[in-house]
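Participant: Got a sequence here, can you model it:
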Amino acid sequence: MIDMGYIKQITFYEVKMLFRNNVFIILSIFTILGLPVCQYFVQGRFAFHYLIALPCALPLVNAFLFNMFQSLIVIFVVGNNISDEKHLDTLAALRVRRYGNGDYLIGKLGAVLIVISLLNLTGLLFLVGFHIFFEIPFSVKIYLFYWITLTFPALLFALGVSLGVYSFVRVSFGGLVLLMLLLLLDVLGLSSQMNGVLDYRATEIPNVFSQILGHVGLGRYLLQRSVILFIGLGCIAFAVAGIPRIDDSSRVVIYWKIIGIVTILLGCGLGFVYSGFFYLDRQKRQQYRESCCQYRNCGNVKILSHSIRCSQADGQLVLIDTLLLENVKDRVLGEMIFYLNPSLKVSRIEGEEENIRYEQEGIVVKVNESLESKKQKRLIFHYSGGIDERVCYLYKDDSVSEKTVWSNSLLRYGKHAVLLSNDYTFLIPECLWYPESCSPFHPGGELLKERTFTRFRLMVRHREEQNVISQGYRELDGDYACFTNDYPLAGISLCVGKYEREKIHVDGSDFEVYFFDREGVFFQTVEGSVEGLVAGIREIKRKLTEKYGCDYPFTKLALVEIPIALCTYLSDVGNGSGFVQPELLFIPESWCKSSSVTLLQKQLEDLQKHHSQWIDRTTIEATSIYALYAKNFQDEIDEFPSMGFVDCLLGKQWLLATGKNPLSLASMYTSNTGGLFSDKFPGIDVVVNRIERENFRKELSGTIGPSKTLKASRYLGEHSLRQAFEDPDASDFLDELLKLKSRYFRQYISALIGRDAFEIFLLKWRQENRFEMVDFFQFAVEFQQYFNFDIVKMMQVLYDEPGVPSFLIQNVCQQLVKDSVFLIFDVHNTSTIEGVITCYTRVFEHGTDVREVGSVILRGGEYVRVAMPLEYVCDEAFIRTNLSANLPEDYVFSIKPEKVCVESPPRRLFLDSVFKEQKSDEIIVDDEDAGFQVIESKARSFFGNSLKRNELGTAADFVKGEFQGWLRSVCTYAYGGVVRGFYGKRVGNSTARIQWTATILDEGKYEVWVHQIGLHKWFQQTDSLIYYYSLEQGTMSVDIKVENGKKSLDRFVSLSGDDRYKDDFVYRMTNYYADWIPIGIYDLTKGPVCLSLHDKGIRGGLISADAVKWVKVQER
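Facilitator: This next block holds a predicted model:
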């Protein structure tokens, strides 16, 4: 059978042969040098914090990289070398040796394992030296763990698959190509299929170590690695059986085939078990959803208060919950329905006199007890057990809950929604750890999920070394920590662990920090003097009060460090997530989600070391605390998008993207303090919350590319908001739909009753109804009494009428009339749909903030001249079309004031004349007109743009430059009507061109102007540009070159190709982002005339094609 002596000899011999193999030597040198270079590029000096925050990050990334290198070595050298045995000549196949195929191949594989392990060891030694430059703990156990479970199984799998491919493919080059293709497919996304069951490099599987709890998902990870290991071993066994040598008897060949079959079947069986876990999770989640839908409208009572007593033993909860209930409905409830985590088993329910019959089925507890209308009753639930985390976030699609990417890091963190053990406990309302009367799932999505506010009292028994965290005022009573809340809450959370605690009192509120290690990154970001912390917190509170119009609504705010094993999801109804609970903010350990952190005391020491005479400690600490808030807790966050390992290596982590922030504090001031409900107007609470939360002025600026609301506005052009709630296809952009509708609602109301009056009313109403869910019709009655306006009728229009307006805007100017300033413009609503536009201004002397001037309502077909009074002469004016078909939705104007000697203009003047986009003596051809044509090769036109034919290029597209041919997009500064589009391109010196064709009706002299957009300035930060045009009519052909002059706003225009037109001149632009530029005066005859823009100039430079106008020059 197997002779270890022969195997050792073969191994020793093959090791020497490998070290003499030139290809192997080249790849080994490439690995030894390339591995530290790649790792430095990913995690070196300028690495983002989330790539180095955990002690396991360095060895894990090293293992990822080495798996790539060793796969290439196996494919190019080892697999081909061993497979040569299959293709030996006839005489070589008849040679007789004393060892069998098994000894021979195991010896060769042993040599491969030894040599590649030496390479791995060399890379790890480099890494250990690299590790000492980082202030993160070093652990030999983690290094060994990743070598044993990650690198070694991947090597065996690569060997097995390579041997299998080379065995079945007769031509070695064909096997090489096939293996490289498989590796490429794995890198591009094959590894993420089927929940990563065949992810041999483990790049898509949660595989990091929490400093608090250890590995984030050890069981499933080891199961998946076992699948990879056994499949690799099985393929190797089949390779032994396939070697054509006569030394082995047929019995031995069968023996190796049996081993191969058994190990592969074992691997496949484990793979089915691994996939089965996900299948069972999906089945259970679907069962829970169906139960919620079945009982959603049955027997709902309002829970007025919870009094929960909680203890823990052997990883199980033991709870007694006293509930005070009220039937708020106008009918008798024959039974009461509650929702409880299915792993928590109810042992009994006590009534006021006797135990009450109940039925517990999955997520539902049905109490067989009636309750009269408007009556109250007290019940005591006794229950115990574990926690089934599959009940959390049922409104999230299974594909989302199974996706391992929930952070922007290439590392895959934990996927636990809750944790329950003797050492650490983390429970949030989503896991139903106490009885709820509101269904946790609505078929219409999270937006329509019912909410209620309840008073909580919580008593938790804990060990002496543990700290208990929850909402409310905390008192210690022996082994119990008692929490009492002075106001109702939407839910209550529980966190128990070996925490340290620091507390500071600021202006009536307690601010607490719970952390695991005083020397750790988490605490060091907020460690400072009392004076500095108080000053920083006061500034944060001031900004939040200014934004939301009210003080912080709770009596405390706690920052709680939690293990990286826990994950959350962005809320579908706005910003925030499950990590933002009333009074509590849960932060992943060591700020693992942040791209950068600032250690407060270290920053202070560095500044004092170099500038001690100018540094005020309090000011620096206050500034740092406010910067921490600004970076991590605002509504939107600028971060680097989620990416895979290859994306990170290619440098794509440098492209910032703005997105919703899962740690936004917005819900603390809105949804967690009360709200509205209505059966007739679903989601009305979100609409009102968006009005209070949104900073509608933040996004005002010159932009290129469509806004994030484009898909939503197109949908609303043909559908109503109510239809969107019932349309599953609209769920992906439902939040954007609500954003548009909320903005429209706010500006419409502001135009009718005044913005300030509306905001004052909302603030007053919120204060009077804090921590309550109020019927919308009650809100409407108060609104009617306050403003004498029927908001219900408007809401019916908002919800039920499809369609969006479209506007044409022109003649924008700023006029000084005596001592007053007016912003004047003409606007035409070209649709039949009523719309509203809003004006903003910016004065540079007053900072960069934008001031809202007012809104104007325009009915369908109206054409009016609007005069908006201004407080100051402005430098920039913005006109926003809100919910409309306009692309982009914003207009930006840099306009100088004009003095006029007339009376003050009317605020609104109806115009009867036809809206004209151009003058009678000029001809304009825009990219939306029939005379505009893109001319490029058919192959490039089809293959380069077929996938983006109906899409608009984004700013990121122009930054990355990964598009082919001419890319269509929109721009705030582009010329146009409803759609202000243009085409952009990276110069490639090809035959592609843009052509504008106009028809000249009156012969004469015409000055030609081109509208250029400064893409080079936007995205390449350079003044260098060259445009090549050609003007043709009949026999006339003029070549026109436009390039930058000595100053950034200068354009040097030179003409050639026709002896009649040889003048050169310089034109000074008014705005380098976009402007009309003259390119010469020409004698034109009746008939067509063509201007072409050629793909020539500075290679790689960005050029644009927008509009061209021919202006007739009046003869003197």
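Participant: Show me where the stretch 201-350 of the chain has its strands.
Facilitator: With DSSP state E, counting those that start in this stretch, the ranges of strands along the stretch 201-350 of the chain come out as 209-210, 214-215, 302-313, 316-326, 336-339, 344-350.
Participant: So for Val171, which of those sits nearest?
Facilitator: With CB to CB as the measure, strand 214-215 is the member of those nearest Val171 (43.6 Å). Any C-beta I mention is one placed from the backbone N, CA and C, and that applies to glycine too.
Participant: what's in contact with that closest one?
Facilitator: Residues outside strand 214-215 that contact it (CB atoms under 8 Å, 6 or more residues apart in numbering): Asn207, Val208, Phe209, Tyr221.
Participant: ok, so of those, who is nearest Glu464?
Facilitator: Here the nearest of the contacts of strand 214-215 to Glu464, counting by CB to CB, is Phe209; it sits at 27.2 Å.
Participant: neighbours around that closest one, how many?
Facilitator: Residues near Phe209, counting by other CB atoms under 10 Å, number 23.
Participant: Without its sequence neighbours, what residue ends up closest to it?
Facilitator: Counting by CB to CB, 6 or more residues apart in numbering, the nearest residue to Phe209 once its immediate chain neighbours are dropped is Cys56, at 4.1 Å.
Participant: What pLDDT is listed against that neighbour?
Facilitator: Listed pLDDT for Cys56 reads 90.
Participant: ditto for Cys438
Facilitator: What the model reports for Cys438 is a pLDDT of 91.
Participant: can you tell me which residues contact it?
Facilitator: Residues in contact with Cys438 (CB under 8 Å, 6+ apart) are Asn300, Tyr339, Lys449, Glu450, Arg451, Thr452.
Participant: Is it possible to get a markdown table of the contacts of strand 214-215 that adds distance to Ile587 and pLDDT?
Facilitator: Below are the contacts of strand 214-215 laid out as a markdown table (distance: CB to CB, whole Å; pLDDT from 0 to 100):
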| residue | distance to Ile587 | pLDDT |
| --- | --- | --- |
| Asn207 | 22 | 91 |
| Val208 | 16 | 92 |
| Phe209 | 18 | 93 |
| Tyr221 | 25 | 94 |
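Participant: which ones among these are found in helices?
Facilitator: Secondary-structure check on these using DSSP state H: residues within helices are Tyr221.
Participant: Let me have the contacts of Cys438 in CSV, adding neighbour count as columns.
Facilitator: Shown next, in CSV, are the contacts of Cys438 (neighbours: other CB atoms under 10 Å):
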residue, neighbour count
Asn300, 20
Tyr339, 23
Lys449, 18
Glu450, 14
Arg451, 14
Thr452, 19
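Participant: where's Tyr200, which helix or strand?
Facilitator: Mapping Tyr200 onto the secondary structure by DSSP states H and E places it in no helix or strand at all.
Participant: If we only consider the contacts of Cys438, which is nearest to Lys284?
Facilitator: Nearest to Lys284 among these is Tyr339, at 14.8 Å by CB to CB.
Participant: and the residue nearest to that closest one when sequence neighbours are not counted, how many residues sit next to it?
Facilitator: Spatial nearest neighbour of Tyr339, chain neighbours left out: Glu436 (4.7 Å); criterion: CB to CB, 6+ apart. A total of 22 residues lie near Glu436 under the criterion other CB under 10 Å.
Participant: List the residues that contact Glu436.
Facilitator: With the criterion set at CB under 8 Å, 6+ apart, Glu436 makes contact with Ile303, Phe338, Tyr339, Leu340, Pro429.
Participant: hmm, 10 Å instead?
Facilitator: Residues touching Glu436, when contacts are defined by CB atoms under 10 Å, 6 or more residues apart in numbering, comprise 303, 306, 337-341, 363, 365, 429, 450, 452, 454, 491.
Participant: three-state assignment of Pro36?
Facilitator: Of the three states, Pro36 takes helix under DSSP: H, G, I helix; E, B strand; the rest coil.
Participant: Offset the numbering so it begins at 756, please.
Facilitator: Renumbered: residue one is now 756, and that last one reads Pro791.
Participant: How about the contacts made by it?
Facilitator: Going by CB under 10 Å, 6+ apart, Pro791 touches Gly799, Asn817, Leu820, Thr877, Gly878, Phe881, Leu882, Gly884, Phe885.
Participant: from those residues, which is closest to Tyr1761?
Facilitator: Gly799 (58.8 Å).
Participant: List the contacts of that closest one.
Facilitator: Residues near Gly799 by CB under 10 Å, 6+ apart: Pro791, Val792, Cys793, Leu806, Ile807, Phe885, Phe888.
Participant: Out of those, flag the one nearest to Gly919.
Facilitator: Distance to Gly919, by CB to CB, is smallest for Cys793 among these, at 28.6 Å.
Participant: before we move on, back to that, which of the contacts of Glu1191 has the weakest pLDDT?
Facilitator: Scanning the contacts of Glu1191 for pLDDT, the smallest score is found at Glu1205, 85.
Participant: Asp1434: neighbouring residues, count only.
Facilitator: Residues contacting Asp1434 under the criterion other CB under 10 Å number 9.
Participant: about what we covered before: report the separation between the residue nearest to Tyr1094 and Lys1573.
Facilitator: Separation of Glu1191 from Lys1573 (CB to CB, to the nearest Å) stands at 65 Å.
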